[in-house]
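J.: from the sequence below, what's the structure:
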Amino acid sequence: MSNAEKTLITVATYNETENLPELVEQIFRFAPQADLLVIDDNSPDGTGDWCDKKGAEDSRVHCLHRSGKLGLGTAIIAGMKYTIEHGYKYMLNMDADFSHQPKYLPDLLDGMEPDGGRPVDVMLGSRYVPGGGVEGWPWRRQLMSRAVNVYARWLLGLKPKDCSGGFRCYRTELLAKLNMDAVRSRGYSFQEEVLWLLKRLGGRFGESPIVFIDRQRGASKIDSKEAIAAMWIILALGVRNVCSLP
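T.: Residues are numbered from 1 along each chain as shown. Below you'll find the model as predicted:
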């Protein structure tokens with residue numbers, strides 16, 4: 001199968017040796033025809049080294065080594081550029097900590113070209129459509145997540161119920177039209193900003209229910225400073241959206 005018919009699954013990592021071996025096994029259980037790109041930010045725990053060894057055994061596994069912890073948004077953009085350069089049909093991004101369960105991979109891929117339905121450009125794994133949900137979050141975090149989604153949908157004119165989740169499948173043909181150098185976000189507002197930019201390019205979105213499970217192993221990478229920065233960036237994008245600025 002040529003890359004033009006294949007999916008590249010991208011996973012950004014920083015200190016994920018506890019999770020990556022089992023994650024890779026599960027990814028190929030549910031998406032055996034896909035390739036995997038691990039984008040590692042020079043993890044001191046040896047995540048990148050493990051990935052290199054795995055890639056020597058399995059040609060589906062690739063690792064992109066970066067110089068340090070450069071931000072989630074830049075990691076996903078690096079994955080997008082790799083996807084375009086290597087001619088894959090789809091890019092499917094997911095987290096490394098099992099909060100995004102590999103069992104949903106077939107649903108996201110099938111949703112790109114639904115039987116009898118209209119193809120979409122981005123299929124989102126959604127916590128906030130019927131059948132979706134969250135496990136392991138305190139009520140304050142759930143409330144904050146829902147509030148951020150309402151905030152982003154209102155300011156940016158986005159239709160999906162879950163604009164902040166990172167479990168997504170993108171059509172490479174649309175990603176190739178995206179000016180990635182214009183993306184401002186480096187952290188967690190990246191997810192909303194990319195949807196907004198792809199909407200402005202005429203992108204069509206779909207949602208498939210997932211149950212998000214809070215990280216069981218390793219440490220979370222988000223902090224309050226990043227969350228506040230994300231809110232300000234979304235506000236700035238909202239002003240551009242209202243004013244119809246480029």
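
J.: how near is the closest residue to W50 other than its chain neighbours to C51?
T.: Leaving aside its sequence neighbours, W50 sits nearest to T17 (CB to CB, 6 or more residues apart in numbering; 5.7 Å). (Each C-beta comes from the backbone N, C-alpha and C, glycine too.) For T17, the distance to C51 (CB to CB, to the nearest Å) stands at 9 Å.

J.: same question, W196
T.: W196 is 32 Å from C51, by CB to CB.

J.: which one's more surrounded, these two?
T.: Shown here are W196 and C51; by other CB atoms under 10 Å, C51 has more neighbours (28 against 21).

J.: pull the number of nearby residues for N42.
T.: Applying other CB under 10 Å, I find that N42 has 13 neighbouring residues.

J.: how much space separates the residue nearest to it when sequence neighbours are not counted from M180?
T.: Leaving aside its sequence neighbours, N42 sits nearest to G68 (CB to CB, 6+ apart; 5.1 Å). As defined by CB to CB, G68 lies at a distance of 20 Å from M180.

J.: compare those two (neighbour count), which wins?
T.: M180 (16 against 8).

J.: okay, the residue lying closest to the more buried one once chain neighbours are set aside: pLDDT?
T.: The shortest distance from M180 to any non-neighbouring residue, by CB to CB, 6+ apart, is to I77 (5.1 Å). Listed pLDDT for I77 reads 95.

J.: now the terminal residues of stretch 74-94, how far apart.
T.: Start and end residues of stretch 74-94 are separated by 14 Å (CA to CA, to the nearest Å).

J.: okay, buried residues for it please.
T.: Residues of stretch 74-94 classed as buried by neighbour count (16 or more other CB atoms under 10 Å): 74-80, 82-84, 88-94.

J.: for this protein, what spans make up the helices?
T.: 20-30, 47-57, 72-85, 105-112, 139-156, 172-175, 190-200, 224-243 (DSSP state H).

J.: which helices and strands does the second one pack with?
T.: In other words, helix 47-57. strand 7-13, helix 20-30, strand 35-40, strand 61-65 (3 or more CB pairs under 8 Å, 6 or more residues apart in numbering; DSSP states H and E).

J.: at 6 Å instead, please
T.: Other elements packing on helix 47-57 under the criterion 3 or more CB pairs under 6 Å, 6 or more residues apart in numbering; DSSP states H and E are strand 35-40, strand 61-65.
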